[in-house]
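Asks: Return a 3D structure for these sequence lines:
(one chain, ligands or ions: 1)
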Amino acid sequence: MKVMVIDDDLLLSDTLKDIIAARGNQVKTFTNAEEAIDEYQKKFYSLVLIDIGLPGMDGLECCRTIRNFSKGKYSVLIIFTGLTHLESLRESLTAGADDYLKKPFDLETLKIRLEIAEKLGLDRMERMLADEELKRAKRKAESATLARNNFLANVTHELRTPLNGILGYTQLLKRDGSMLPKQLHAIETIHECGEHLLTMINDVLDFSSIESQKFYINPQIFNFSILLKSIISIFRMKTLQKGFPFHCEIDDNLPVKVIGDEKRLRQILLNLLSNAVKYTINGHVIFRVKNKNNAILFEVEDTGIGISEDDIEKIFLPFHQVQDDRIQNEGAGLGLSITRTIIRMMGSDIIVQTRLGEGTIFKFQLELPEANEDNLLQEEEKEHKITGYHGPVKKVLVAEDIDKSRTFIREILEPMGFAVKEAINGKEAIRKAYSFIPDLILMDLVMPVMEGIEATKKIRSIPTLKHTKIIAVSANISHDIQQECFKAGCDDYITKPVQISELIELIQEHLDLSWISQAHTSVDDKHLLKTDVEQPPVIYPPYDEIEKMNKLVLSGKTTRLKAQIKKIDEHYPQCETFVKKVRQLLYEFRLEEIQLLIDQRKEKNTHDMF
Ligand code: ADP
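Replies: Model (predicted):
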């Protein structure tokens, strides 16, 4: 092994060198601590013998310095001294020495002490090698995890983008009142399959976030009763399709608004109830929510296939599925593992009671403190189809590179009375924001030319846009990205696929709107619509553009009509109100009314037009 002797007494250090070298070690001598430390930093020495009385830095300080290096803990350090008082022994051991020798040396004692030091040195050397190996393996594993997480984030982004289009349009079509029952059923099936795919993608992503410890619980005020209502209505439908009853036993005195992580609670309940429905062939499913000593108890009971005792613990392991010929196992086996992790992160645990062939009960209890500030009525209003809002027209810029996603948002917002402009990358978003001065920008994060975060930072430095709200839109929902968005200047964050209700809620919050909804459009509301909303005057586009539109309407070429409207929008920004009106009519397929508008224009004199 490699040994270092530090002593300014050349005669003694040479003697020591000879004795240690004769035992098969490589020995190097130094006359001062500074040079020795310099050498130690470059190379590792298993055994270091240090005299206390050295010129410059003394032996105790030298011992402390070596011990404090990261590799210092693997060396055997022996201090030797001519001092006889006990205090120097204490000081040596406190400085990190493993042994303490008194000069002059007794040869036999020295040999025994060297023998023990060599053994200890070999042990530590082995430990050092093992630790290094471990560190290497950990680094390798970390870089593999990083690569896998990056891969997963990219793949899920790629998968979510087309899903965004599918789910977006099925949502829109489901709201469209003109569908035949057969078509509606087909749309609902597409929507369900898309939702299923999304759950799988989200599960994989959640699982990877849990593994890399980037999974967080984000408590906020939310409407608990609306959450329960929406969950119940989903499972009423699902159980109806499967042909067995869904009983709900919900306490009357549950809080309306609570503080908790709504998204995660929804995820837990969807998983447990989906499983209950999936693993029940006949009988029933019961959903219980009870107020219990400042906590809320959730229970999902089914009369399904049950779980054997051997499998009870295993079902919570990732990817574990129990095979049963009667059930087509569609999931990835991640749901329960994620569910238990979330419940545990919320400070509770999940309990299973089950009998093979008879059924299962999953239950858990959560503390969801009541929140009182807002009133329930406002929340309920959101449930109705929104047809407008009180006050002046609000402008929204949609920055999104994918055509379908952009159009989807436009088609939601325009019928609600928003003036919408589009940008296909961050750079264009900045340019359009300058002239359009939007009240709100929906900023996709991943775009070509300039990404959303950079564009947000630039927009935040433009004084005229200081009141513009920016909501980031992205398929990648990691906590880090959210933080990055807020740092760049975003006011909020919405994940893809965009849920219409969530988008509406965010817009209401940030633009401080009060909605006019179909179900609530009272005489007063209608009056307000007419008087309160500052309707800008309609400016028509030039005659030849109107003529082109006319031909397209008469021949029913809606796709080309759409393109023509887009062209008018881009070339004649002053015709914004006209474009908005035609777009809304086209969205509702009211071609005759577009024709009427065109005829009106044709009848008018040119002076009040373009
Ligand atoms: P998945 O349902 O995607 O397979 P989960 O993690 O949600 O994954 O469930 C893991 C396994 O636990 C399932 O494959 C099934 O074997 C079992 N399981 C879960 N819920 C029930 C239930 N209510 N009744 C019977 N078995 C269940």
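Asks: Once you drop chain neighbours, what's closest to Thr199?
Replies: Using C-beta to C-beta, 6 or more residues apart in numbering and skipping the chain neighbours, the partner closest in space to Thr199 is Leu270 (7.6 Å). For every residue, glycine as well, the C-beta is placed using N, CA and C.
Asks: Find me the pLDDT at that neighbour, would you?
Replies: Listed pLDDT for Leu270 reads 93.
Asks: Ok, Lys174 next?
Replies: For Lys174, the pLDDT comes out at 76.
Asks: Just give the number of residues close to the nearest residue to it once chain neighbours are set aside.
Replies: Using C-beta to C-beta, 6+ apart and skipping residues adjacent in sequence, the residue nearest Lys174 is Ile187, 5.9 Å away. For Ile187, the neighbour count with other C-beta atoms under 10 Å is 18.
Asks: which stretch of helix or strand covers Glu301?
Replies: strand 295-302 (DSSP states H and E).
Asks: typo on my end, it should be Lys566
Replies: Short version, using DSSP H and E: Lys566 is in helix 558-571.
Asks: Mind telling me which residue of the stretch 1-150 of the chain is nearest the ligand?
Replies: Arg148 (20.7 Å; C-beta to the nearest ligand atom).
Asks: Name the nearest residue to Ser88, ignoring sequence neighbours.
Replies: With C-beta to C-beta, 6+ apart, the residue lying closest to Ser88 is Thr81, at 5.6 Å.
Asks: err, Ser435, not the other one
Replies: Among residues not flanking Ser435 along the chain, Pro573 sits closest, at 7.8 Å (C-beta to C-beta, 6+ apart).
Asks: pLDDT at that neighbour, what is it?
Replies: For Pro573, the pLDDT comes out at 79.
Asks: quick one on the thing from earlier: now the residue nearest to Ser88: how far from Ala371?
Replies: Applying C-beta to C-beta, to the nearest Å, the value for Thr81 to Ala371 is 70 Å.
Asks: just Gln353 next, same as before
Replies: Taking C-beta to C-beta, one finds Gln353 at 32 Å from Ala371.
Asks: Which one's more surrounded, those two?
Replies: The neighbour comparison of Gln353 against Ala371 (other C-beta under 10 Å) goes to Ala371, with 17 against 13.
Asks: and the more buried one, how far is that from the ligand?
Replies: Separation of Ala371 from the ligand (C-beta to the nearest ligand atom, to the nearest Å): 30 Å.
Asks: With His510 instead?
Replies: 36 Å.
Asks: do Glu502 as well
Replies: Distance from Glu502 to the ligand, by C-beta to the nearest ligand atom: 25 Å.
Asks: and what of Leu197?
Replies: Applying C-beta to the nearest ligand atom to Leu197 and the ligand gives a distance of 13 Å.
Asks: show me the residues around the nearest residue to Thr84 once chain neighbours are set aside that make contact.
Replies: Closest residue to Thr84 in three dimensions, ignoring its sequence neighbours and counting by C-beta to C-beta, 6+ apart: Lys102, at 6.8 Å. Counting by C-beta atoms under 8 Å, 6 or more residues apart in numbering, Lys102 touches Phe80, Thr81, Gly82, Thr84.
Asks: In the stretch 351-500 of the chain, what residue comes closest to the ligand?
Replies: Thr360 (4.3 Å).
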